[in-house]
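In: fold the following and give me the result.
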Amino acid sequence: MKNTGWQFPVSRAWNAILVCLVLVTTAWASTESAIYAFKGGSSDGYYPESALVTDKAGNLYGTTLTGGGYPNCSPFGESCGVVFQLVPQSGGGWKENVLYKFTGGADGGFVYNSLVMDDKGNLYGTTYLGGTPTGGCSGGTCGTVFQLSPPKKKGGAWAETVLYSFCSRSGCTDGAYPVDRLVMDKAGNLYGTTNVGGLQGGCNTSGFAGYGCGVVFKLTHGKADWKESVLYTFTGSYDGGFPDAGVVLDKAGNVYGSTSAYGVYGNGIVYKLPHSVKNKKWKQDVVYSFTGGSDGCCLTTPLTLDAAGNLYGTAPGDGTFFYGTVFELKHSKTGWNEKTLYTFTGGADGGTPAASLVAKGNSFYGTTYAGGTGTGCGFAGSSPCGTVFELTRSNGTWNEIVIYSFSSGSNGALPDNAVMFDKKGNLFGTTVGGGNYGVYGVAYEITP
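Out: Next comes the predicted model:
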């Protein structure tokens, strides 16, 4: 799951539940293969923390946390990551193209999140570090929002433009350290969150210059440039703090998101920012405060919104077996009602869901960072390596099916972000471990 320090993920596991093996066999006769294994050097990047996005031609795009050859992004000389493209080949297989290598300077560095693509093929994302140095953050830089534009001539280079550098205002009131994906509205404006910043105090921001509990921001696309506005600043109280996850928008322009901490019980919240006309001050409604009990805790990934306005998501911590949950927040005239749809055991069914849910038909699809039936991860290689799962509603109940269990081999290990479907129903994703080159991760495909 996402880090906001210099550490990389370590899996956890529990005892296997054999009944899940039967469900796998009866539901999906699936085949998983690594379509690209990251090499771990300066040529292509490694540790792909992002989900994949696709264009009309079927090419895939993603980011890696590190790699690329510019060792400026941690006290330990970690390189700053890349944006990559995977192109399907007519004779089979995929070719990787590195579209951009981050230097860790004004252009940014360390990309934890997925990209968003507009109708012209431009890619948008955030970097956790880099930007215009201000001295306001640890190391002097606080992250960026960037645009990557395709070449005007075939065979040319993609061009990176920094749309905004965080902590550009005194006291980092504009936010610092964005760690999740952006979302784009119909007008082309961008919305996201920063993990800290906002100058409210009350949060444990040691090492981050003491600046605040995070913000929700909007970047408005003008004729000449982009303007950042803060929609909401978290106080670290009942309204939450440390929004690790990005946001989602409904048709009316309301903003929904979650925080990893605080609220009534200290375990994070789901919130709504009702649409405000002309960017006047947005007010926050707390939809739900997690108790840290059977409902789970500590959300780190964006929510999924259905056509009726109900919210769905994954909680990576707590739950009955302490391996996380899938939950629903159903909207009614009297308020919001939370229901736990599934509780992970950490066994063969998976554990620690580290990604957003993807809706398809009557099912949700997602990944778990731990659990499954594969082996080779964790301390001494004794722990399972995560799963891809399907959660299907039938006659009012939800049943979980494990589509694939990863092992620490060439096909990848430790999936850390959402899956994606192509037009044929094939499923694509990334892992931060495994692959032909050891521990650098893969992009994978699962065909039913």
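In: what's the neighbour count on residue 380?
Out: Residues within reach of residue 380, counting by other CB atoms under 10 Å, total 5. The C-beta positions use only the backbone N, C-alpha and C, and glycine is treated the same way.
In: so what strands line up beside the strand or helix carrying residue 231?
Out: Assigned by DSSP states H and E, residue 231 belongs to strand 226-233. Strand 226-233 pairs in its sheet with strand 215-221 (antiparallel), by DSSP bridges.
In: just the buried positions in the strand it pairs with, please.
Out: Applying a neighbour-count criterion of 16 or more other CB atoms under 10 Å, one finds 215-219 buried in strand 215-221.
In: could you do stretch 366-375 as well?
Out: 366-375.
In: now the end-to-end length of it.
Out: Terminal residues of stretch 366-375 are spaced 20 Å apart (CA to CA, to the nearest Å).
In: now do the contacts for residue 247.
Out: Residue 247 sits next to 183, 191-193, 216, 255-257, 302 when contact means CB atoms under 8 Å, 6 or more residues apart in numbering.
In: quick check on it: phi, psi?
Out: phi -120, psi 170 (degrees, to the nearest 10).
In: not counting sequence-adjacent ones, nearest residue to it?
Out: Nearest non-adjacent residue to residue 247, counting by CB to CB, 6 or more residues apart in numbering: residue 257, 4.0 Å away.
In: what pairs with the helix or strand hosting that neighbour, parallel or antiparallel?
Out: Using DSSP H and E, residue 257 sits in strand 255-258. Within its sheet, strand 255-258 is paired with strand 248-249 (antiparallel), strand 269-273 (antiparallel), according to DSSP bridges.
In: mean pLDDT for the ones you listed - can I get that in CSV?
Out: As requested, the strands paired with strand 255-258 are exported to CSV (pLDDT from 0 to 100):
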stretch, mean pLDDT
strand 248-249, 98
strand 269-273, 98
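In: what residues sit buried inside the strand holding residue 231?
Out: So, applying 16+ other CB under 10 Å, buried residues of strand 226-233: 226, 228, 230-233.
In: repeat that for stretch 352-360.
Out: 352-358.
In: out of those residues, who's nearest residue 284?
Out: Checking those against residue 284 with CB to CB, the nearest one is residue 356 at 21.3 Å.
In: test my guess that that closest one contacts residue 313.
Out: Yes. Shown here, residue 356 and residue 313 form a contact pair, counting by CB atoms under 8 Å, at 7.2 Å.
In: what do the two both touch?
Out: Common contacts of residue 356 and residue 313, defined by CB under 8 Å, 6+ apart, comprise 301-304.
In: of the residues you listed, just say which sits nearest to residue 237.
Out: Closest approach between the shared contacts of residue 356 and residue 313 and residue 237, by CB to CB: residue 303, at 21.4 Å.
In: mind listing what that closest one touches?
Out: Contact partners of residue 303, counting by CB under 8 Å, 6+ apart, are 245, 248, 256-258, 270, 311-313, 356.
In: for residue 269, see how far away it is.
Out: Using CB to CB, to the nearest Å, residue 303 is found at 12 Å from residue 269.
In: any common contacting residues for these two?
Out: By the contact definition CB under 8 Å, 6+ apart, residue 303 and residue 269 are jointly contacted by residue 258.
In: below-threshold pLDDT in this structure: ranges please.
Out: 1-29, 134-136, 138-140, 200-202, 204-211, 278-279 (pLDDT under 70).
In: where do the helices sit along it?
Out: Assigned by DSSP state H, the helices in the chain fall at 19-27.
In: thought the residue nearest to residue 247 was touching residue 244?
Out: No. Counting by CB under 8 Å, residue 257 does not reach residue 244; the two are 9.8 Å apart.
In: quick check: neighbours shared by the two?
Out: Listed as contacting both residue 257 and residue 244 by CB under 8 Å, 6+ apart are residue 193.
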